[in-house]
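A.B. asks: when you get a sec, could you give me coordinates for this:
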Amino acid sequence: MTADTLLPALTEAARHAAHPAHRAAATPCPCGAEDAVLADRDDGTVVRHGDVVAKAHAQDTDPAALARRLSVAASLPGVLLPPLDRIPVDLLGRRVTLWPYGGPVDPETPEAAPWEAAGTLLARLHLAPAPDGLPPMRGPDKALRAIARLRAAGPHPAAAPVLRAWAALPGWARAEAPMPDVTTLCHGDLHLGQLVRRPAPDGPWFLIDVDDLGVGEAAWDLARPAAWYACGLLPSDEWLRFLTAYRAAGGPAVPAAGDPWPALDVVARALTVQTAALAVVKSAAADRPLDEVQRAVVDACDRMSSTPPELTRGFAT
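C.D. replies: I've put the predicted structure just below:
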């Protein structure tokens with residue numbers, strides 16, 4: 001199956017969800033809304049028609065696990081964007097889910113990034129009871145897949161420090177052992193791209209993307225901003241806005257006061273390794289040197305491999 005076949009079928013699914021009585025794909029839609037491709041990657045293709053978004057999930061998606069994750073999203077409407085239907089449908093061999101449209105974070109105005117909303121929503125998610133039968137959150141699995149892609153990409157001068165930093169992580173962070181916590185409800189892939197406002201442009205914020213949702217180590221959901229901060233890529237005021245909001249909402253991943261880093265160091269290292277591995281893969285595929293940000297995360301891996309865990313001030317220097 002190619003994008004030439006998937007995209008038209010996915011667009012028609014979004015159109016039909018928006019207008020169930022309108023089935024003629026070749027005729028103009030009665031609402032006049034434009035169709036838009038929001039993402040087209042191996043791990044998900046997303047299209048929008050008007051107020052409806054249709055997502056084709058990765059080909060290896062477990063339909064039963066996805067259905068359980070959709071049920072969680074439907075049960076936490078003030079935290080996760082609720083799906084239009086709890087049951088994924090099959091479309092050309094891909095599992096497809098339907099969602100209301102929400103306005104994303106504007107990358108052109110970083111000063112307006114919703115760090116407080118991200119911290120508050122994340123804390124509320126972590127405090128919600130996890131239903132029985134929910135699979136583990138997939139954060140460590142994604143890090144493992146990034147390392148597998150790095151190894152498959154062949155020799156690269158920046159690969160060695162990344163692999164050394166990976167080898168120094170505890171087994172659970174490398175998806176080789178159970179996570180220390182297997183009961184907390186986690187997002188699994190938290191970053192600012194996982195927040196939308198509904199209704200756009202000034203409605204409340206919601207978390208989106210349930211593909212990695214599950215039970216596990218709550219600290220993993222703070223790992224990406226913690227890693228950016230530790231690598232010197234996220235200003236301290238933005239990191240503190242996020243951390244303060246998370247703590248104020250009762251988030252359980254870090255102590256309510258004092259130094260949070262002992263709880264965050266391992267997961268921040270794991271996300272730094274994951275980010276660096278993907279940076280090297282992209283650099284090799286494009287046959288170009290690492291850019292400044294990519295070099296920063298690889299350099300952080302080099303420092304991490306010679307520094308014991310549980311730092312108190314990050315690993316930017």
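
A.B. asks: can you tell me which residues contact the nearest residue to residue 31 once chain neighbours are set aside?
C.D. replies: Nearest non-adjacent residue to residue 31, counting by C-beta to C-beta, 6 or more residues apart in numbering: residue 50, 5.4 Å away. In short, each C-beta sits where N, CA and C put it, glycine included. Residue 50 sits next to 18, 29, 31, 33, 101 when contact means C-beta atoms under 8 Å, 6 or more residues apart in numbering.

A.B. asks: ranges for the strands of the stretch 51-200 of the chain?
C.D. replies: For the stretch 51-200 of the chain, the strands defined by DSSP state E, counting those that start in this stretch cover 52-57, 89-91, 94-100, 103-104, 184-186, 195-197.

A.B. asks: just want the most central residue of the chain.
C.D. replies: The residue lying closest to the centre of the chain (C-alpha atoms, centre = their mean) is residue 189, at 2.8 Å.

A.B. asks: can you tell me how far the closest residue to that one other than its chain neighbours sits from residue 66?
C.D. replies: Among residues not flanking residue 189 along the chain, residue 212 sits closest, at 4.4 Å (C-beta to C-beta, 6+ apart). Noted for residue 212: a distance of 11 Å to residue 66, by C-beta to C-beta, to the nearest Å.

A.B. asks: more crowded one of these two?
C.D. replies: Taking neighbours as other C-beta atoms under 10 Å, residue 212 and residue 66 compare with residue 212 leading, 23 against 20.

A.B. asks: give me the element the more buried one is part of.
C.D. replies: Assigned by DSSP states H and E, residue 212 falls within no helix or strand.

A.B. asks: state the mean pLDDT of stretch 240-259.
C.D. replies: Per-residue pLDDT values over stretch 240-259 give a mean of 97.

A.B. asks: what's the span of that stretch, first residue to last?
C.D. replies: Start to finish, the residues bounding stretch 240-259 are 12 Å apart (C-alpha to C-alpha, to the nearest Å).

A.B. asks: buried set for it?
C.D. replies: For stretch 240-259, a neighbour-count test (16 or more other C-beta atoms under 10 Å) marks 241-243, 245-247, 249, 251, 253-254 as buried.

A.B. asks: also stretch 31-41?
C.D. replies: Using 16+ other C-beta under 10 Å as the burial criterion, the residues of stretch 31-41 that qualify are 33, 35.

A.B. asks: and this protein, what are its domains?
C.D. replies: Using automatic domain parsing, the domain parsing of the chain gives 3-101, 110-304.

A.B. asks: so how far is the shortest one from its chain's centroid?
C.D. replies: Using C-alpha atoms, centre = their mean, to the nearest Å, the distance from the centre of domain 3-101 to the centre of the chain it belongs to is 18 Å.
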